[in-house]
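Engineer: when you get a sec, could you give me coordinates for this:
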Amino acid sequence: MRGPKKQAIVVRTKDGLVSKTEDLKLLKDKYPIVGVIFIRGIFNFIASMSTGVKAIMFSADYLPEEEQEEPTKFDEWVEKKMGSEKAEKALITISVIIGVALSVGLFMLLPTFLAGLITKVVESSVLKNLMEGAMRIIIFLGYMWLATRLKDIKRMWAYHGAEHKTIFCYERGLPLTVENVRMQSRLHPRCGTSFLFIVMIVSILVFSLTSWSNVWVRIGLRLLLLPVVVAISYEIIKLAGRYDNIITKIISAPGKALQKLTTQEPDDDMIETAIEALVLVMPEDAKDAAW
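Structural biologist: Got it, this is the predicted structure:
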């Protein structure tokens, strides 16, 4: 969970809850330009991925011994050369880079490449862009559906649902109890899943502004325009989460529908874990409670 001044990670172990809380060190506090509209979305996206990787690595430390994997020779070499702290930072950086590269390759470049092969006989740039956009959404939805087939991912989706329910409970001013949280919706307009779907839609609109027959030029243009897509998508989901009207409901509807895949109903233990994480980042002053 992330609050206005702190962020917290809570892990449930066989011996109870283990937590880690740290003060937020925002890049925009050091470099104000990072917080400017249409620039902030790019940096926040990267920061979110970094935070996610750190949370996964923290939780992995508390896996039962029988489930832990032996460190690879590469892991041992990195730790020997750099030390444990620097090695962890290096692995987080590498993981984020690989994660971004795989996401861009799978959901952005692959559809462009496939569309370039299929549409060689199609002259209409509008049709080419529509076919490329359709492939992008199909690949994205297919990936999400396949992920739900994995047992461990299903459990993660349930914790995702607990997160959303707990946030809804807090936003509605209700006491943070298991009973109050359980009755909340697991579909939240500010979810990262919704953000990714908005990215898919915005990319279709932005990429349609360019038209090149050469597939490699098209791929290059997609890479150059990707920061623009992320920046616009971030501002859209921020607006959708801040206001409740017919327009924001329409914007949020596809993402909420997709969350039926990426969230599951949590059990009481999961809800307790989410509540603990939120309590750790709640501001002391009530006037700072809305963030």
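
Engineer: who's in contact with the closest residue to Asp23 other than its chain neighbours?
Structural biologist: Using C-beta to C-beta, 6 or more residues apart in numbering and skipping the chain neighbours, the partner closest in space to Asp23 is Lys6 (5.8 Å). In short, each C-beta sits where N, CA and C put it, glycine included. Applying C-beta atoms under 8 Å, 6 or more residues apart in numbering to Lys6 gives the contacts 21-24, 280-281.

Engineer: and Ser233, by the same measure?
Structural biologist: 41, 195, 198-199, 202.

Engineer: if you set the cut-off to 6 Å instead, what comes out?
Structural biologist: Residues near Ser233 by C-beta atoms under 6 Å, 6 or more residues apart in numbering: 198-199, 202.

Engineer: and which of the residues you listed is nearest to Gln184?
Structural biologist: Ile198 (22.8 Å; C-beta to C-beta).

Engineer: what are the phi and psi values at the residue nearest to Asp23?
Structural biologist: phi -140, psi 160 (degrees, to the nearest 10).

Engineer: which residue packs closest to Met82, ignoring adjacent ones?
Structural biologist: Residue nearest to Met82 in three dimensions, not counting chain neighbours: Ala90, with 6.1 Å by C-beta to C-beta, 6+ apart.

Engineer: of the contacts of Ser233, closest to Ser48?
Structural biologist: Using C-beta to C-beta, Val199 is the member of those that lies nearest Ser48, at 12.9 Å.

Engineer: what helix or strand is the nearest residue to that closest one once chain neighbours are set aside located in?
Structural biologist: Among residues not flanking Val199 along the chain, Ser233 sits closest, at 4.6 Å (C-beta to C-beta, 6+ apart). In the assignment (DSSP states H and E), Ser233 maps to helix 215-242.

Engineer: now swap in Ser19 and tell me
Structural biologist: Assigned by DSSP H and E, Ser19 falls within strand 16-23.

Engineer: which other helices and strands contact that strand?
Structural biologist: Applying 3 or more C-beta pairs under 6 Å, 6 or more residues apart in numbering; DSSP states H and E, one finds that strand 16-23 contacts strand 6-13.

Engineer: could you dump the strand it packs on to CSV, C-alpha only?
Structural biologist: C-alpha atoms of strand 6-13 as CSV (Å, rounded to 0.1, in the frame of the first residue of the first chain):
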residue,chain,number,x,y,z
LYS,A,6,4.7,6.3,3.4
GLN,A,7,4.5,3.0,1.7
ALA,A,8,4.2,-0.4,3.3
ILE,A,9,4.6,-4.1,2.4
VAL,A,10,2.9,-6.7,4.6
VAL,A,11,3.5,-10.5,4.2
ARG,A,12,1.6,-13.2,5.9
THR,A,13,3.8,-16.0,7.2
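
Engineer: Ser50 versus Thr21, what's the distance?
Structural biologist: In this structure, Thr21 and Ser50 are 17 Å apart, going by C-beta to C-beta, to the nearest Å.
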